[in-house]
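1. Give me a model of this one.
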Amino acid sequence: MEVLVVVPTRNRAELAPTTIASALADGDPRVSVLVSDNSTEPEQAERLRSWCEEQANERLRYVRPPSPLPMSPHWQWALERALEDGSATNVMYVTDRLVLRPGALGLLLPIAGRYPTDVVTFGDDMIVDHSQPVTLYERPWTGKLLRVDAKQLLRGVARGIFLVAPTMMNTIVPRTVLDDIYRAYGSVFASIAPDHCFSYRCLDRVDSILHFDRPLIVQRALWRSNGHSQIRGVGNADNADFMRELSSGINEHAPVPELLTVTNAVYNEYEYVRQDPASSKLAPLRRRYYLGANARDVARLEDPELRATMRRVLTEHGWSRRTRLGYVLGLCLAAAGFYGRRPRALLRRLLRKSGRTPEFSDSSQALAYTLEHPSTARAEADHLWPVMSRPGATHELESG
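-> Next comes the predicted model:
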């Protein structure tokens, strides 16, 4: 097998080299890296191009589109460059804010080789560095390999649960799957958010995916993240750049475009794919879950004025105490499908105490710590209850 890691980047020459180096660190001859530089600032592009050239690594290739592109067209352009020579059997996207953990590809490639026609997702940890002190969020994991029915994942999405969906930034994808999506839709990436657009196109085309329940990447530089800017409701330069590049209105396919939440952006991609004639598996959204998932995001907005405005929008579109009750009961019934059959797991979750969150003075210190001191595995997969709540929808496989 030949794995091509695509690193799409834009005006982040200070971040991208660490990402690139993490993908090449194992020295595996089956892995090559394509850096697609979509920078609008010439000095940023020259800085990164020079760094790539200085590596003198035949497994590293640097390309730039003829002119800067919006995010989705750029991801599509980069994919077409990645697949030009026909040697890659699998593709991963690792954006410039992500860092692969040491040995991550050594764990992932045997799985992809053992199951060559399957999409494989994996977990991530996150460095929260937009404020002081810098903290580290480590996801629970078991190291298990699970086959998850695509319809089960779509049922979770319909309830606002985005747990292990293949967003391409947590995924290794066989070329055959990419070819199938392209034939069905005319492209792999489209709309506004290419990662989530891919996710729903993928789930519409495959019967199941594999989830390797282990964090293989670390998110960092949240202060440079467009998506995290939307989560917080606090603008940054990257979000402003993203909005300028839009050729259409924000969230125009979502049921309530005015809701400025990251969940609504994800649902915009769901509806974009669902409305495509090629789509067949994506069910219409249920109003109480759609509004409830957005209400959850609205409560986290840090800007009080924006939060109040979004609450008014929710109310105007039917969010009420009664709707909230239906939403909460629906989630409880979904959780009961897992915990009702595992009462000890419920007791364990209720009694579990939160550990102390590590704190650091800066992001680089946090990154060095987590790469050297990964968290330990758990015996039980309670954290994966949404994909295990329906009997028969998830099966454990051999990962070796």
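2. Can you check which helix is longest in the protein?
-> helix 321-339 (DSSP state H).
3. which strands and helices sit next to that one?
-> In terms of contacts (3 or more Cβ pairs under 8 Å, 6 or more residues apart in numbering; DSSP states H and E), helix 321-339 is packed against helix 287-298, helix 343-351, helix 385-388. C-beta coordinates here come from the backbone N, C-alpha and C atoms, glycine included.
4. For the closest residue to L60 other than its chain neighbours, what is the enclosing helix or strand?
-> In space, L60 comes closest to V33 once its chain neighbours are excluded; the distance is 5.0 Å by Cβ to Cβ, 6 or more residues apart in numbering. Assigned by DSSP states H and E, V33 falls within strand 31-37.
5. Now for L210: which residues touch it?
-> 111, 115, 118-121, 145-148, 397 (Cβ atoms under 8 Å, 6 or more residues apart in numbering).
6. Could I get those in CSV, plus columns for distance to P42, neighbour count and secondary structure?
-> Below are these laid out as CSV (distance: Cβ to Cβ, whole Å; neighbours: other Cβ atoms under 10 Å; DSSP: H, G, I helix; E, B strand; the rest coil):
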residue, distance to P42, neighbour count, secondary structure
I111, 41, 19, helix
Y115, 43, 17, coil
D118, 42, 19, coil
V119, 37, 24, coil
V120, 38, 23, strand
T121, 36, 26, strand
L145, 45, 21, strand
L146, 46, 23, strand
R147, 47, 16, strand
V148, 44, 23, strand
L397, 48, 15, strand
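7. from those, which is closest to R97?
-> T121 (18.1 Å; Cβ to Cβ).
8. Now do the closest one against W141, distance only.
-> The gap separating T121 from W141 is 12 Å, by Cβ to Cβ, to the nearest Å.
9. Nearest to S225, out of the contacts of L210: which one, please.
-> Set against S225, the nearest of the contacts of L210 by Cβ to Cβ is T121 (19.9 Å).
10. Okay, and the beta partners of that closest one?
-> T171, H211 (DSSP bridges).
11. right, and it touches R214 too?
-> No. Using Cβ atoms under 8 Å, T121 is not in contact with R214; the gap is 10.6 Å.
12. So what sits opposite the residue nearest to L60 in the bridge?
-> Beta-bridge partners, per DSSP bridges, of V33: V5, L60.
13. Leaving out sequence neighbours, find the closest residue to P29.
-> Nearest one to P29, counting by Cβ to Cβ, 6+ apart, is R59 at 7.5 Å.
14. Quickly note the distance from that neighbour to P70.
-> 29 Å.
15. Now do the helices in the stretch 101-250 of the chain.
-> 104-114, 150-158, 175-185, 194-205, 226-232, 237-245 (DSSP state H, counting those that start in this stretch).
16. So what touches the third one?
-> Which is helix 175-185. Outside helix 175-185, the residues touching it (Cβ under 8 Å, 6+ apart) are 79, 83, 88-91, 117, 119, 188, 198, 201-202, 204-206, 276, 278.
17. Please apply the same query to the fifth one.
-> Counting by Cβ under 8 Å, 6+ apart, helix 226-232 makes contact with 130, 222, 235-236, 238-239, 241-242, 260-262, 265, 297, 300-303, all of which sit outside it.
18. Please spell out the PyMOL selection for the buried subset of those residues.
-> A single PyMOL command is used to select the members of the contacts of helix 226-232 judged buried by 16 or more other Cβ atoms under 10 Å:
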select buried, resi 130+222+236+238+239+241+242+260+261+262+265+297+301
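19. which one of the helices and strands packed on helix 321-339 lies closest to L163?
-> Here helix 385-388 is closest among the helices and strands packed on helix 321-339 (Cβ to Cβ), at 5.0 Å.
20. Could you list the buried residues of stretch 380-394?
-> For stretch 380-394, the buried set under the neighbour-count rule, 16+ other Cβ under 10 Å, comprises 381-390, 393-394.
21. D125: which of those residues is nearest?
-> Looking across the buried residues of stretch 380-394 and measuring by Cβ to Cβ, the closest to D125 is H383, at 13.2 Å.
22. Can you tell me how far the closest residue to D362 other than its chain neighbours is from R356?
-> Nearest residue to D362 in three dimensions, chain neighbours excluded: V134, at 6.0 Å (Cβ to Cβ, 6+ apart). The spacing between V134 and R356, counted by Cβ to Cβ, is 15 Å.
23. if we can go back for a sec, buried residues in the longest helix of the chain?
-> 323, 326-327, 330-331, 334-335, 338-339.
24. mind listing what Q365 touches?
-> Q365 touches V134, counting by Cβ under 8 Å, 6+ apart.
25. how far does the helix or strand encompassing it sit from the chain's center?
-> Assigned by DSSP H and E, Q365 belongs to helix 363-372. Its chain's average C-alpha position is 21 Å from that of helix 363-372, according to Cα atoms, centre = their mean, to the nearest Å.
26. thought A16 was touching V7?
-> Yes. Assessed by Cβ under 8 Å, A16 is found in contact with V7 at 6.3 Å.
27. any residues in contact with both of the two?
-> What both A16 and V7 touch, as defined by Cβ under 8 Å, 6+ apart, is the set 35, 96.
28. Show me where this protein dips below the pLDDT cut-off.
-> Counting by pLDDT under 70, the chain contains low-confidence ranges at 228-229, 235, 238, 243, 246-248, 399-400.
29. Using the record's domain definitions, break it down for me.
-> Residue ranges for each domain of the chain read 1-96, 99-285+352-400, as given by automatic domain parsing.
30. quick one: terminal-to-terminal distance for the shortest one?
-> Start to finish, the residues bounding domain 1-96 are 25 Å apart (Cα to Cα, to the nearest Å).
31. now the most centrally placed residue in the chain: how far from A150?
-> Geometric centre of the chain, nearest residue: T167, 4.3 Å, by Cα atoms, centre = their mean. Here T167 is placed at a distance of 14 Å from A150 (Cβ to Cβ).
32. Neighbour count for V134 and R356, which is higher?
-> Taking other Cβ atoms under 10 Å, V134 and R356 do not tie; V134 has more neighbours (21 against 6).
33. Tell me which residues touch the more buried one, please.
-> By Cβ under 8 Å, 6+ apart, the residues touching V134 are 127-128, 359-363, 365-366.
34. right, and out of the residues you listed, which lies closest to L350?
-> Looking across the contacts of V134 and measuring by Cβ to Cβ, the closest to L350 is V128, at 25.7 Å.
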